[in-house]
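# dropping a prediction and its sequence here:
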Amino acid sequence: MPSTREERVDDALQSLLERLIPPQFEDEAEALADQRWDEANELARDLIDREPEASIADDVQHAADSIKRRLLKDTRNPERAAAFGGLYSRLLAQPVLGQKWGILYFLDRVGEGENDGGRVGRVEGGRRVQGSGDGGEGGQEEVFDEAFARHGLPRVPQGLESPRQVPLRERAVPGRPKMQAQTPEVEVVGEQEPSSGKVEPSEAALLRDLPFTLQGLSSTNLAFSDKSSLTLPTSLPVPLIALLHALAEPSLLYRSLSDFVESSDGGLVGQSLRSAIGQELRSYLGLVATLEGQIRRALAQLDESLPRGGLGKAGVTLKRCVVWTREATLGLRLMSTIVESAKGKKGGELISLIHNLATSHGDTFVYVFAERLLSNITRPFYNMLRAWVYDGELEDPYTEFFVSSNPDFEDSGATSVWEHKYLLQEGMIPSIVTSDFAQRVYLIGKSLNFIRYGCHDGAWVESYSKDTSRELKYGDTANLSQSIDEAYKTVMARLIYLMETKFALAAHLSALKKYLLLGQGDFIALLMESLASNLDRPANSQYRHTLTAQLEHAIRNSNAQFDSSDVLRRLDARMLELSHGEIGWDVFTLEYRIDSPLDVIVSPWASKQYLKIFNFLWRVKRVEFALSTTWRRVQTGARGVLSAVGDKVGEDWKAARLGLAGMVHFVNQLQYYILFEVIEASWEGLQKTIASPASGTVTLDTLIEAHTAYLRSITRKGLLGGAGGVDFTAQLHELLKLMLSYRDVVDGLYSFSVAEFTRRQELAAKIENRTRAGRWGVAESEDLTMSESPLFPGPNRGTKGGADSPLPPLLLPLTTTTGAEGEKSMLDSLRQRLISLETDFKTRVNVLLGDLAYQPDVDMRFLGVVMNFNGVYAPVRRRRQQPQQQHHHHQQVARSERSAVGKEKVGEGKE
């Protein structure tokens, strides 16, 4: 085999000329034949040695169009153009031939030479005729090396700076082959043998070992040194080494894939991938078996007397084996890429990996191969999907499904079962399904599981599974989507039916509204009247059986008695955690017990919200009850007792009635707003959402979200949340405490008025008795005794203390002054207390109205308008303070309060 480039070019040119130039025509002299041969050699060498033009580019389509136009011009054989089109298509489909443009360009130039000058090298009239008018296009020095190079012919002439090589025209021209009398032998295919002897091992020996190599087994000439390398003989020429390199790739890939198939790591989807790859490897082995049969038949026909043993005639060579295993090599290469990429992935992630190859790759072979793999590896996934959708059971031992059980789950009620028992893993959702589809599947299985274990309706689940269960498989998208839609509607409808009928969801939500949100007015009023005397006592003196008895009394004497027994048995009275100094009003609360599975809707969080709303409304109701009681007493006394002492406290009662009226109006408007504008409006929204949800299908999540939004709306609009950064709850609690304190002062003023009325009545009675007895006037000592107030008796009447005083203990004067001076001091204290409380009340209401005026909710702004409909208040908007400024302000307030308390104690000590 020639070892230098010049020798290879000479041999190739000699072989080409022997095929194209006849050695000698009939009746042609020997000299003329030699001259014609020399002329053809010179022409060919001149074409090769010429420099190329810079305009030549490797455009396959242009070369094909040029040949096709020339064939169409030949009107004698129009079918040749159609035949060329078929041959051109077959040429483009051959992956082995890399320089298709060089082939077409060479044929085009040869065709031009035949059309223009007849036989190449023909001598006419002693003149050499070239094969083409512009034969410089293909005559570059490296034409036979670079025409079939990897990147085709260069666009710009090369070799200007490379070492100069001897032109072909300067070399010795080989002689014309002589005519021999023997018949032509079999055509030699491939490269010539080197002059040094035969190649060892021979190509026949390599072919004999090739089937074992392709199966990953070592052979005599081709041995595997380890799992990832194949040792090739060192005595082989470069072309054979290149062919063996191409054949070594499927061999090594098969070995690595065989090891992967035999491993047992991974879950069910991973095992399915191994099974699918195993099937592809068995198909590959079928190809190897077919190839082995062809090799055996070819080796059986070898003839040692022929070049290369006659392999070319037998039809089996290493180069043809490369072509035959080309597609199988691509498949093995793709499977190896999948195996490398699949490391660390499982379940839906693994399915998404292969599905992306099928959807985002432009190669048809890759698409078909990936689709074939998907049909096998998705079977475990669809089996898990079927069990989840039709049985509500999670059959996923290797956590490959996009629904997983929560390892931290603790069964603490239906809420925990619904929300925490199963989790949706977003990262495990395969790309063959959408997120909306996965969410529906998650809801279907979770609902079936909840129906079976939470609602204890396993019989229906079994019947549903038996009637509707069907096989799910990859590629059946229409039936899969239809099955999921039908299952979704059926399961959701059954769950909502159980909630509404078996567990009476609507009745319990209505009971919560009536009893905990004070919707049952007659029951709440009767309960408050019966408990008022008990709740005025300290909290530690309250007994649960007393509260329960009063609750039963309120139920029997109100319309609550007509509710179902199941609702009434859930209603209970209890006390909150006791604190020092609290009274019964501060710790009393109602409780409505919710059992499973309804606690998935009325969750523990919802129960706390109900308790929070009830405590606030109960406090507002208590203030309204206290103010109404005091108002009735004052209005009743105004026609009797209070009119008799009008000369002394008439102006005080006028101011007190104005303050009471303002507070009663405030409480009534607050109650109306919360009970009707907030609770009733939110209840109506809840009913509409449950009846016609935005999704079109009522699900358990729809009920949970609607009920949560219902409670959030009440707490936000009911001034129980920090809307807009304003703490309305704290403001309202301070206002309610102010109104209770004002009520106590008014009661004290009423007691003072009654005492003054009693004193006057006693004095008038004594004067009348003395007059009847004939004694006119009273003695000085008797006058002093009679002028003493019953609230502050002097020394002559003894010191009964505050035990017999009609005033509350907190309103008794702190001084030891008795008699008229004590009475005057107490009246002044009551007047100052009334003025300060009313002023503080108006100040806080102004701040509250200022905050309400800038709320985004229109109902909250309307509340401020209703409370100040006549403009009696002047709303003030507080300036926003930074956290540090607020902290500094709180410190200043605390210091001033401590200073005021200290001064008060000092004043008491001085007195």
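In hand now; what should we look at? None of these values were measured; they are calculated from a predicted model. Numbers count the residues shown, from 1 in each chain.
# going forward, measure contacts and count neighbours with C-alpha atoms only.
Noted.
# just give the nearest non-adjacent residue to residue 573, would you?
Excluding the flanking residues, the one nearest residue 573 by C-alpha to C-alpha, 6 or more residues apart in numbering is residue 590, at 4.7 Å.
# my bad, residue 741
residue 837 (7.7 Å).
# from residue 651, how far out is that neighbour?
From residue 837 across to residue 651, the span is 17 Å (C-alpha to C-alpha, to the nearest Å).
# residue 852 too?
For residue 852, the distance to residue 651 (C-alpha to C-alpha) stands at 34 Å.
# who's more crowded, the two?
The neighbour count for residue 852 versus residue 651, taken as other C-alpha atoms under 10 Å, is higher for residue 852 (26 against 11).
# show me what contacts that one?
Residue 852 is in contact with 860, 861, 863, 864, counting by C-alpha atoms under 8 Å, 6 or more residues apart in numbering.
# residue most distant from the centroid, the chain?
Note on the chain: the largest C-alpha distance from the chain mean falls to residue 774, namely 102.5 Å (C-alpha atoms, centre = their mean).
# so for that one, what's the pLDDT?
Among the per-residue scores, residue 774 shows a pLDDT of 78.
# and stretch 287-296, C-alpha only, in PDB?
Extracted C-alpha coordinates of stretch 287-296, given in PDB (Å, rounded to 0.1, in the frame of the first residue of the first chain):
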ATOM      1  CA  LEU A 287     -29.000  -7.900  14.000                       C
ATOM      2  CA  VAL A 288     -25.700  -9.300  15.100                       C
ATOM      3  CA  ALA A 289     -27.000 -12.800  14.500                       C
ATOM      4  CA  THR A 290     -28.100 -11.900  11.000                       C
ATOM      5  CA  LEU A 291     -24.700 -10.300  10.400                       C
ATOM      6  CA  GLU A 292     -23.000 -13.400  11.700                       C
ATOM      7  CA  GLY A 293     -24.900 -15.500   9.200                       C
ATOM      8  CA  GLN A 294     -23.800 -13.200   6.400                       C
ATOM      9  CA  ILE A 295     -20.200 -13.400   7.500                       C
ATOM     10  CA  ARG A 296     -20.300 -17.200   7.800                       C
END
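# go through that stretch and flag the buried ones.
For stretch 287-296, a neighbour-count test (16 or more other C-alpha atoms under 10 Å) marks 287, 288, 291, 292, 294, 295 as buried.
# ok so, going back, surely the residue nearest to residue 741 touches residue 736?
No. With contacts counted by C-alpha atoms under 8 Å, residue 837 stays clear of residue 736, the gap being 11.7 Å.
# ok, the two, which is more surrounded?
Per other C-alpha under 10 Å, whichever of residue 837 and residue 736 has more neighbours is residue 736, with 20 against 17.
# what's the distance between the more buried one and residue 671?
Separation of residue 736 from residue 671 (C-alpha to C-alpha) stands at 12 Å.
# what touches both of these two?
residue 620.
# which secondary element of this structure has the worst mean pLDDT?
strand 123-124 (a mean of 36; mean pLDDT, DSSP states H and E).
# the most centrally placed residue in the chain and residue 438: what is the separation?
By C-alpha atoms, centre = their mean, the chain has its centre lying nearest to residue 426, at 5.8 Å. Residue 426 sits 9 Å away from residue 438, going by C-alpha to C-alpha.
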